[in-house]
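Peer 1: Pasting the sequence and the predicted coordinates here, then a few questions.
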Amino acid sequence: MFSTRTSDLLWAITSAVGASFCLIVLLVVAAVWWNPESRPHLDRVSFRIVTVALFVNMLFGISSTVGGILTEDSFLCGFSIFVLQLTLQFSSFLLFCIVLNLQLVVLYGLDGQKLERYYFIGSFLMSIILVIPPYAAGQYGWDPLEQVCWYTNDDPRQRIAWQIGTQMAWTAMLAFGEIAASVSVTIFMLKHRIRTRQIFVSTSGNGTVSSSPPQVVHANNYKRIIIRIALYPLASCFVNVLSIFTALHSTLTDGIHNQEDYNILLLSDFLYGGRAIVYALLAASDPALVRGIQTLYHSLRGSHKAHSIGKPSSNTSGSPTRSSSQSLVVQVELSTIRDYLPSEASIDDLPSRPEPSFVPPSQKEGMIDVPRKSASASQLRNEYRNSRCLPSTEPMDEEILRQEQAFHRQI
């Protein structure tokens, strides 16, 4: 029989470190939110979900630390596992809602801000539904197989039924759901990128503008957001799916009998303890928080130069200015997904060519006067707008800015 005390301490120490990391990141988020100049960076549905998930993972780390320290059955032993399971499920559902919201906003054009409350309410209700029945049935407490606070049932069939029905199956479904949603968004963005390149080629080849022009940006604007989309589901899938198999191993083998069983137990404790560390690092590397920290730093130094993302506008809404919206990476990247208005970029990229030396007056009617090579892009755009009876540049710029800011808050 192998002693599990070392694995218990590994679980407790890694959980305490993860809870500490989560607390540090939460304090940084609070500092960025407190400053009115850096606050607009955090005004995003997905980041608010990340912040709540970070707080939940901090509670998960605290309860895991308590469960790893205890050495006998008690009320605190069972209650710590109840809190552990509640926070584990709650954070898993919240992380799934991040990529689900991105899919609903980008692919289907739904309003993420209107759906935000349902993400939190649905995640909490599902977590309560999953953890109250086993806690009421006395399934949480001292584990006779692993000699630690976990599931108390020593009947292999009943134990597996409780573990799979109230934890493992749901964790696996959420992990694979995150992968499916993120893949669908990624494929949509790649298709949009290919279509954008085709529009540029056709525009430069024949001098015409596509009948359904998108909001066009350069291809490298997609790189960071594709990585950001992939990070959350990939990390969640890796940690959750691997922890499912390691947690079920002791149940299937009816305890710890050899070195292989013990090594798998150590891996299981490390995965559960290190879960909070992984999500704390993901939150700390979120572009919204990174740019908020940069703005906060320059704001405290009294600097409002290029590295500062933007000063809040003079109105009372506190929304970012034009320069702010242009430098917010996620805002600029994802604002190209919805084709709200005719593209200006494709107009700007029309090749300049001199006017023909002679055109019969009868043929000049209805034609667009193309300026000579010295004409600026704005002049060419105004000529194009006037020929199609489009609104003036300034109202359209204000409308694009409004839509970009609204879209940024929804994702």
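Peer 2: Yep, it's here.

Peer 1: Please report how far L145 lies from S3.
Peer 2: Counting by CB to CB, to the nearest Å, the gap from L145 to S3 is 14 Å. Glycine gets a C-beta too; all of them are placed from N, C-alpha and C.

Peer 1: Neighbour count: the two, which is higher?
Peer 2: L145 (20 against 10; other CB atoms under 10 Å).

Peer 1: Contact partners for the closest residue to L100 other than its chain neighbours?
Peer 2: The shortest distance from L100 to any non-neighbouring residue, by CB to CB, 6 or more residues apart in numbering, is to A181 (5.6 Å). By CB atoms under 8 Å, 6 or more residues apart in numbering, the contact list for A181 reads F96, V99, L100, L102, Q103, P233.

Peer 1: Can you tell me which of these is closest to D155?
Peer 2: Relative to D155, the closest of these is F96; by CB to CB it sits at 31.5 Å.

Peer 1: Give the buried residues for the biggest helix by length in the chain.
Peer 2: Secondary structure of the chain per DSSP state H: the longest helix is helix 169-206. For helix 169-206, the neighbour count (16 or more other CB atoms under 10 Å) marks 170-171, 174-175, 177-179, 181-182, 185, 189, 192-193, 196, 199, 203 as buried.

Peer 1: Give me the mean pLDDT for that helix.
Peer 2: Computed over helix 169-206, the mean pLDDT rounds to 77.

Peer 1: following that helix, which helix or strand shows up next?
Peer 2: helix 221-252 (DSSP states H and E).

Peer 1: quick check: angle from that next one to helix 169-206?
Peer 2: 160 degrees (axes from the mean of the first three to the mean of the last three CA atoms, to 10 degrees).

Peer 1: still on that earlier bit, out of the buried residues of helix 169-206, the closest to E116 would be?
Peer 2: A181 (16.6 Å).

Peer 1: List just the nearest of the buried residues of helix 169-206 to R44.
Peer 2: Once CB to CB is applied, the member of the buried residues of helix 169-206 that ends up nearest R44 is V185, at 15.7 Å.

Peer 1: Spatially, which residue comes closest to S299, not counting chain neighbours?
Peer 2: Closest residue to S299 apart from its sequence neighbours, by CB to CB, 6+ apart: E37 at 4.6 Å.

Peer 1: Can you get me a residue count around that neighbour?
Peer 2: 22.

Peer 1: got the buried residues for stretch 16-35?
Peer 2: Quick answer for stretch 16-35 (16+ other CB under 10 Å): 16-23, 25-26, 28-29, 32-33.

Peer 1: And the contacts of that stretch?
Peer 2: Stretch 16-35 is contacted from outside by 38-39, 41-42, 51, 54-55, 57-62, 64-65, 273-281, 283-284, 289, 292-293, 295-296, 299-300, using CB under 8 Å, 6+ apart.

Peer 1: what do you get if the cut-off is 7 Å, keeping everything else the same?
Peer 2: Under the criterion CB atoms under 7 Å, 6 or more residues apart in numbering, residues 38-39, 41-42, 51, 54-55, 57-58, 61-62, 65, 273-277, 280, 283-284, 289, 292-293, 296, 299 lie in contact with stretch 16-35.

Peer 1: same question, stretch 236-244
Peer 2: Residues outside stretch 236-244 that contact it (CB under 7 Å, 6+ apart): 92, 95, 168, 171-172, 175, 178-179, 268, 271-272, 275, 278.

Peer 1: Pick the one among the residues you listed closest to S80.
Peer 2: Once CB to CB is applied, the member of the contacts of stretch 236-244 that ends up nearest S80 is Y272, at 12.5 Å.

Peer 1: which secondary structure elements does the helix or strand encompassing that closest one contact?
Peer 2: Using DSSP H and E, Y272 falls within helix 259-284. Identification of packing neighbours for helix 259-284 by 3 or more CB pairs under 7 Å, 6 or more residues apart in numbering; DSSP states H and E yields helix 5-34, helix 45-69, helix 221-252.

Peer 1: So for the closest residue to W150 other than its chain neighbours, what pLDDT did the model give?
Peer 2: Among residues not flanking W150 along the chain, D143 sits closest, at 3.8 Å (CB to CB, 6+ apart). For D143, the model assigns a pLDDT of 92.
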